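>>> Need a 3D model of the sequence below.
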Amino acid sequence: MPQSVALHLDAPVRASVDVLVVGSGPSGLAAAISAARSGATTMLVERFGYVGGNLTAGLVGPCMTSYSLDGSTQLIRGVFEEMILRMEEQGQAIHPSKVPANSPYCGYITYGHDKVTPFEPEAVKVTGLQMLREAGAEVLLHTTVIESRVEGNAVTGVFIASKSGVEAIDATVVVDCSADADVVARAGGETVYGRDEDGLAQPMTLFFRVAGVDDAAVDDYVTTAQERRPFASIVEEARRAGEFTIPRKGIGLYKTLRPGVWRINTTRVLGVSGVDVADLTTAEIEGREQVHDLMAFLRRRIPGFAEATLLDTAATIGVRETRRIVGEYTLTADDLETGRHFDDVIGTCGYPIDIHSPVDAGGRLEEDPTANVYEMPYRSLVPKDLDGVLVAGRSVSATHEALAAIRVMPPSFAMGQAAGTAAALAVKAGVQPRHVDIAALQRQLLEDNAYLGPHKVPETVG
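Below you'll find the model as predicted:
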């Protein structure tokens with residue numbers, strides 16, 4: 001059992017709520033919206049001055065596939081689809097059903113990239129807040145969680161720091177969507193980090209956007225060259241000549257909705273930890289240095305980029321993997337590969353195991369094929385020996401390999417929607433989150449347009 005954390009903070013209680021959601025990335029947005037819509041008094045705290053996490057601050061995009069691996073079935077719906085449809089009405093997103101594999105929007109990649117979702121990050125900031133406020137969730141921006149409040153083996157809230165000072169928030173259930181299991185770790189809950197053999201985690205990437213690109217020239221070259229990774233031969237030639245030192249085998253690039261504007265996913269920072277402030281500082285510095293070098297390389301060597309200019313860099317380095325909780329169930333690669341059915345399924349996914357090597361330019365995308373559709377169980381959101389808290393997003397209970405598939409943004413939405421709904425149900429029933437009625441949770445998720453697969457549809461839902 002986790003040990004109670006001895007705190008020496010004399011902090012006033014700012015608020016007492018049914019459900020507190022920490023972090024407003026994809027999982028946090030879905031959790032807070034779902035908890036509030038389910039009738040729980042809900043507060044969302046976010047360290048940035050806007051919501052969205054990697055959708056906005058990280059400039060990560062497009063959202064990877066929300067469909068089955070073969071592109072035949074939309075698996076992730078609910079809050080995710082509602083947000084996309086709202087943005088599409090404004091001309092700020094394209095529904096994934098309209099985005100085929102191997103297109104400029106999916107980086108000219110086929111495997112696992114059928115039906116991705118292009119979107120504009122500024123639209124997420126507005127639409128996400130609108131949905132939160134319409135649901136009745138209270139939002140507290142510019143707020144950092146610094147410690148967990150613990151009684152016995154249960155989380156009862158958090159301590160926060162902001163321009164208002166150090167304060168406390170009491171909550172019946174906390175949903176940890178920090179992406180780093182911050183609440184669980186600071187409450188003494190068990191976590192693991194990285195891969196089993198050496199504890200190393202996937203590298204970090206600083207996304208950036210460029211303008212002034214000749215879209216037709218890029219398309220002409222890539223479709224003619226027919227390389228596995230766009231511009232791989234140019235990168236390899238430059239590497240041999242000593243003018244390309246970033247540990248990548250090609251140029252990761254994704255067309256946006258704006259003519260001549262592309263997202264670049266090519267920087268790679270190895271050997272750093274996303275839960276160490278010195279490493280994060282190092283990663284930010286190195287990532288921006290790589291952006292500077294890449295811009296010169298793109299203009300000099302890559303077709304279509306001769307007149308390109310740097311539009312912006314992400315507000316924060318993109319972190320793929322840090323702490324994962326030890327939950328009631330640990331999702332494995334075998335579960336994904338066999339499409340194992342779980343009685344407590346709370347979401348389905350079809351994105352492949354996408355591991356960026358922690359040590360070099362390599363990666364695994366097609367080497368460990370998953371089933372066409374696989375399931376995510378509720379138990380992976382529940383810390384094994386800690387009450388009062390659920391986890392959603394990339395810090396759920398999964399192996400290094402399984403996490404590499406479910407860490408991306410659409411599955412995070414699905415996990416967040418399940419966690420927020422479950423938190424509200426736990427409050428209403430007066431039980432700990434681990435004892436939530438799974439059938440009731442699944443019924444509510446289905447009513448809220450989630451997809452749980454053909455195997456687990458409660459009989460009461462027609």
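>>> residue ranges of the helices in this structure, please?
26-37, 78-89, 121-135, 182-186, 215-225, 232-240, 277-301, 333-338, 400-406, 409-429, 438-447 (DSSP state H).
>>> which of the ones you listed is buried the deepest?
Per residue and on average, the most neighbours among those fall to helix 26-37, with a mean of 32 (mean count of other CB atoms under 10 Å). For glycine as for every other residue, the C-beta is placed from the backbone atoms N, C-alpha and C.
>>> before we move on, back to that, just send the helices of the chain back as a markdown table, with mean pLDDT and distance to residue 168 too.
Below are the helices of the chain laid out as a markdown table (pLDDT from 0 to 100; distance: least, CB to CB, whole Å):
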| stretch | mean pLDDT | distance to residue 168 |
| --- | --- | --- |
| helix 26-37 | 99 | 19 |
| helix 78-89 | 98 | 29 |
| helix 121-135 | 98 | 22 |
| helix 182-186 | 98 | 13 |
| helix 215-225 | 97 | 52 |
| helix 232-240 | 97 | 51 |
| helix 277-301 | 98 | 23 |
| helix 333-338 | 97 | 38 |
| helix 400-406 | 98 | 31 |
| helix 409-429 | 98 | 19 |
| helix 438-447 | 98 | 29 |
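>>> Output those helices in a markdown table; the columns should cover distance to residue 203.
Formatted as a markdown table, those follow (distance: least, CB to CB, whole Å):
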| stretch | distance to residue 203 |
| --- | --- |
| helix 26-37 | 21 |
| helix 78-89 | 26 |
| helix 121-135 | 22 |
| helix 182-186 | 21 |
| helix 215-225 | 24 |
| helix 232-240 | 17 |
| helix 277-301 | 9 |
| helix 333-338 | 20 |
| helix 400-406 | 12 |
| helix 409-429 | 18 |
| helix 438-447 | 34 |
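>>> closest to residue 263 out of those?
Closest of those to residue 263 is helix 121-135, at 9.5 Å (criterion: CB to CB).
>>> got the contact list for stretch 306-316?
Applying CB atoms under 8 Å, 6 or more residues apart in numbering, the external contacts of stretch 306-316 come out as 48, 56-60, 206-214, 261, 284, 287-288, 291, 295, 298-299.
>>> Quickly note the distance from the nearest residue to residue 374 once chain neighbours are set aside to residue 411.
Nearest-residue entry for residue 374: residue 336, 4.5 Å, with adjacent residues in sequence omitted and distances by CB to CB, 6 or more residues apart in numbering. Here residue 336 is placed at a distance of 11 Å from residue 411 (CB to CB, to the nearest Å).
>>> For the residue nearest to residue 374, give me its contacts.
Counting by CB under 8 Å, 6+ apart, residue 336 has contacts 353, 370, 371, 374, 402, 405.
>>> For the stretch 251-400 of the chain, which segments count as strands?
Remark: strands assigned in the stretch 251-400 of the chain by DSSP state E, counting those that start in this stretch are 253-255, 262-264, 309-313, 323-325, 345-349, 355-356, 363-364, 374-377, 389-391.
>>> Among those, show me which one is buried the most.
strand 389-391 (a mean of 33).
>>> Name every strand pairing with it and say which way it goes.
Note on strand 389-391: by DSSP bridges, its sheet partners are strand 165-176 (parallel).
>>> The strand it pairs with vs helix 409-429, what angle?
For strand 165-176 against helix 409-429, the angle by axes from the mean of the first three to the mean of the last three CA atoms, to 10 degrees is 100 degrees.
>>> Name the residues of strand 165-176 that are buried.
Across strand 165-176, burial judged by 16 or more other CB atoms under 10 Å covers 167, 168, 169, 171, 172, 173, 174, 175, 176.
>>> Serialize these to TSV and add fields for distance to residue 270.
TSV is the format used below for the buried residues of strand 165-176 (distance: CB to CB, whole Å):
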residue	distance to residue 270
167	38
168	39
169	37
171	38
172	41
173	37
174	33
175	32
176	27
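>>> Where does the prediction get shaky in the stretch 1-150 of the chain?
When residues are selected by pLDDT under 70, those of the stretch 1-150 of the chain lie in 1-8.
>>> Please repeat the previous calculation with a cut-off of 80.
1-9 (pLDDT under 80).
>>> tell me, what residue is most central in the chain?
Nearest residue to the geometric centre of the chain (CA atoms, centre = their mean): residue 409, 4.0 Å.
>>> any idea how far that one is from residue 61?
8 Å.
>>> shared neighbours of those two, which are they?
residue 55.
>>> returning to that earlier point: now list whatever residues contact both of residue 336 and residue 411.
With CB under 8 Å, 6+ apart, residue 336 and residue 411 have common neighbours residue 405.
>>> quick one: which of the helices of the chain is nearest residue 113?
helix 409-429 (12.4 Å).
>>> contacting residues for residue 357?
202, 203, 363, 364.
>>> Specify the beta-bridge partners of residue 387.
Going by DSSP bridges, residue 387 forms beta bridges with residue 154.
>>> tell me, how many neighbours does it end up with?
A total of 22 residues lie near residue 387 under the criterion other CB atoms under 10 Å.
>>> Quick one: neighbours of residue 60, just the number.
Neighbour tally, residue 60, other CB under 10 Å: 25.
>>> Settle this for me: it is touching residue 317, isn't it.
No - taking contacts as CB atoms under 8 Å, residue 60 lies outside contact range of residue 317: 11.0 Å.
>>> list the contacts for residue 293?
245, 246 are the contacts of residue 293 under CB under 8 Å, 6+ apart.
>>> so how far is residue 206 from the closest residue to residue 54 other than its chain neighbours?
Nearest non-adjacent residue to residue 54, counting by CB to CB, 6+ apart: residue 60, 4.2 Å away. Separation of residue 60 from residue 206 (CB to CB): 10 Å.
>>> Please enumerate the shared neighbours of those two.
What both residue 60 and residue 206 touch, as defined by CB under 8 Å, 6+ apart, is the set 314, 318.
>>> ok, residue 260 to residue 118 distance?
Counting by CB to CB, the gap from residue 260 to residue 118 is 15 Å.
>>> higher neighbour count, the two?
More crowded of residue 260 and residue 118, by other CB under 10 Å: residue 118, with 25 against 18.
>>> how about low-confidence regions in the stretch 251-400 of the chain?
For the stretch 251-400 of the chain (pLDDT under 80), the answer is 366-367.
>>> hmm, 50 instead?
Applying pLDDT under 50 to the stretch 251-400 of the chain flags no residue at all.
>>> which two from the contacts of residue 336 end up farthest apart in space?
371 and 402 (12.3 Å).
>>> what's the pLDDT at residue 456?
As predicted, residue 456 sits at a pLDDT of 61.
>>> related to what we said a few turns ago, list just the one of the strands of the stretch 251-400 of the chain that sits closest to residue 243.
strand 262-264 (17.4 Å).
>>> other SSEs contacting the closest one?
With contacts defined as 3 or more CB pairs under 8 Å, 6 or more residues apart in numbering; DSSP states H and E, strand 262-264 has these neighbours: strand 208-211, strand 253-255.
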